[in-house]
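*Asks:* generate coordinates for the sequence data below:
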Amino acid sequence: MATPAEQAGGQPGVPAGGQAGGESRLIGFLRDLTQTYGPSGREDAVREYIRARIEPWADEVRVDALGNLIARRAPRGTGADAAGPGTPAAAGSAGGAEGPGGRGAGRRIMIAAHMDEIAVIATHIDDKGFIRVEPVGGQDPMVLLGQRVEFAGGVVGVVGSEKLDDARDLKMGKLFVDIGATSGDDARRRVRVGDMAVFHRPLERAGDRLIAKALDDRSGCAVVMEAMARLEASPHEIFFVFTVQEEVGLRGARTAAYGVEPDVAVAVDITLAGDTPEPQHRVAVELGKGPAIKVKDNSQIAHPLVRRWMEGAAEAEGIPYQLEVLPFGGTDAGAMQLARAGVPAGTLSIPVRYGHTPGEMADVRDLENAVRLLVAMLSRPLPEA
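*Replies:* You can find the predicted model right below:
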């Protein structure tokens, strides 16, 4: 199926909003975001990058106590009462969007994508300058060994290991980071206990495939940013939330959902593609076949109302999609659904191979179709309960 750019005579794989003959805005966002340092609890640089670009597309932007970036957009352009400055909706009160009790087409909707990436944290620096580390989020010692990592401020090192008699002995406790220090004092001048390091790799393009670290979940952030730019009319009051600390327990989404009090919530995050040889998990999701609509993972069973909304929007607009049942893991939807008295929630997933490695792989067409689907969803009312 042709993308909007192809239908308009553009180049294949170049989404709407892109630049002719160059990199699209969507991929430009993703390239910048994957190269921005932002481990769990240290998302400041990512947040400032996103905020500087989304402010023209929101009516109100703020940062909450935990560090979530929250951009509110009032209903507009659909015949619904557009909330202006000083109205209850503009103030963010519960009376702004019409709720699920049949008072109108609009709802208060929370769209969440997490800003943080997995990391390692320095726990000890020995007298020779080697840095012992522990994981922040889901890290595999076998993946870490030999990788370049970067601390805040640009200090780059290599992950090494003690002598192993058996590969099965490789544990986090055997690993260290070598930043080329000549002594413990030299290392401590550049890195302190408690500093975090992330994978140090550029984004590369292989045809319609993108290879980078931190696609989990900078790809979701880029999709939400681009959807904000393209969305023209919506009956809903929408809170676009870029969350913190998802990789260590869905923490930002939990507090943000409590404050926003959404009627419906959707996480935009990656999922495992099961299309590699002899995969560990048989998942019916492939790269290039469209974004996935989650049915279940370990953090939630998607609410039927949200699934119908997502599937109906995709089918109405001719957007390819896949259904996803993930036998492990979770997303911010798992936390949002438990806010206050409960929130119908679901997840729009971006298929990715090799998650939680420095070589995560996604398909440009899936990213573009994820944007199209998110815009289509937000442009129409929810189905009847």
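
*Asks:* low-confidence ranges in the protein?
*Replies:* Low-confidence segments of the chain (pLDDT under 70): 1-21, 78-104.

*Asks:* can you pull out the helices in it?
*Replies:* Assigned by DSSP state H, the helices in the chain fall at 4-7, 25-34, 44-54, 141-144, 184-190, 215-230, 251-260, 304-317, 332-336, 364-378.

*Asks:* what angle do the second one and helix 44-54 make?
*Replies:* Okay, so that is helix 25-34. Counting by axes from the mean of the first three to the mean of the last three Cα atoms, to 10 degrees, helix 25-34 lies at 160 degrees to helix 44-54.

*Asks:* if we can go back for a sec, among the helices of the chain, which is the most enclosed?
*Replies:* helix 332-336 (a mean of 29; mean count of other Cβ atoms under 10 Å). Heads up, the C-betas are built off the backbone N, CA and C, glycines and all.

*Asks:* quick check: domain ranges of the chain?
*Replies:* 4-117+213-378, 119-199 (automatic domain parsing).

*Asks:* so which of these is nearest A385?
*Replies:* domain 4-117+213-378 (5.8 Å; Cβ to Cβ).

*Asks:* that older thread, can you lay out the domains of the chain as a markdown table showing distance to A206?
*Replies:* Formatted as a markdown table, the domains of the chain follow (distance: least, Cβ to Cβ, whole Å):
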| stretch | distance to A206 |
| --- | --- |
| domain 4-117+213-378 | 8 |
| domain 119-199 | 18 |
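
*Asks:* for these, which one ends up most surrounded?
*Replies:* Comparing those by mean count of other Cβ under 10 Å gives domain 4-117+213-378 as most buried, with a mean of 21.

*Asks:* how near is T182 to D169?
*Replies:* 29 Å (Cβ to Cβ, to the nearest Å).

*Asks:* same question for I238.
*Replies:* Counting by Cβ to Cβ, the gap from I238 to D169 is 50 Å.

*Asks:* nearest to R205, out of the domains of the chain?
*Replies:* Nearest of the domains of the chain (Cβ to Cβ): domain 4-117+213-378, 8.0 Å.

*Asks:* output the helices of the chain in CSV, with distance to I125 appended to each entry.
*Replies:* Converted to CSV, those look like this (distance: least, Cβ to Cβ, whole Å):
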stretch, distance to I125
helix 4-7, 50
helix 25-34, 28
helix 44-54, 24
helix 141-144, 18
helix 184-190, 5
helix 215-230, 29
helix 251-260, 28
helix 304-317, 47
helix 332-336, 34
helix 364-378, 40
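
*Asks:* these: which one's closest to Q245?
*Replies:* Comparing these by Cβ to Cβ, helix 251-260 comes nearest, at 3.9 Å.

*Asks:* could you pull out the strands in the stretch 151-300 of the chain for me?
*Replies:* Ranges of strands within the stretch 151-300 of the chain are 156-161, 175-178, 196-199, 204-206, 209-212, 237-243, 264-272, 292-296, based on DSSP state E, counting those that start in this stretch.

*Asks:* need those strands in TSV (columns: distance to A256).
*Replies:* Formatted as TSV, the strands of the stretch 151-300 of the chain follow (distance: least, Cβ to Cβ, whole Å):
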stretch	distance to A256
strand 156-161	33
strand 175-178	33
strand 196-199	22
strand 204-206	33
strand 209-212	26
strand 237-243	5
strand 264-272	10
strand 292-296	19
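
*Asks:* closest one to I131 among the ones you listed?
*Replies:* Closest among these, once you apply Cβ to Cβ, is strand 175-178, at 4.3 Å.

*Asks:* who's in contact with that closest one?
*Replies:* Contact with strand 175-178 is made by 120, 122, 129-133, 141, 144-145, 149, 157-162, 197, as judged by Cβ atoms under 8 Å, 6 or more residues apart in numbering.

*Asks:* go again with 7 Å.
*Replies:* Residues outside strand 175-178 that contact it (Cβ atoms under 7 Å, 6 or more residues apart in numbering) are 130-133, 141, 144-145, 149, 157-161, 197.
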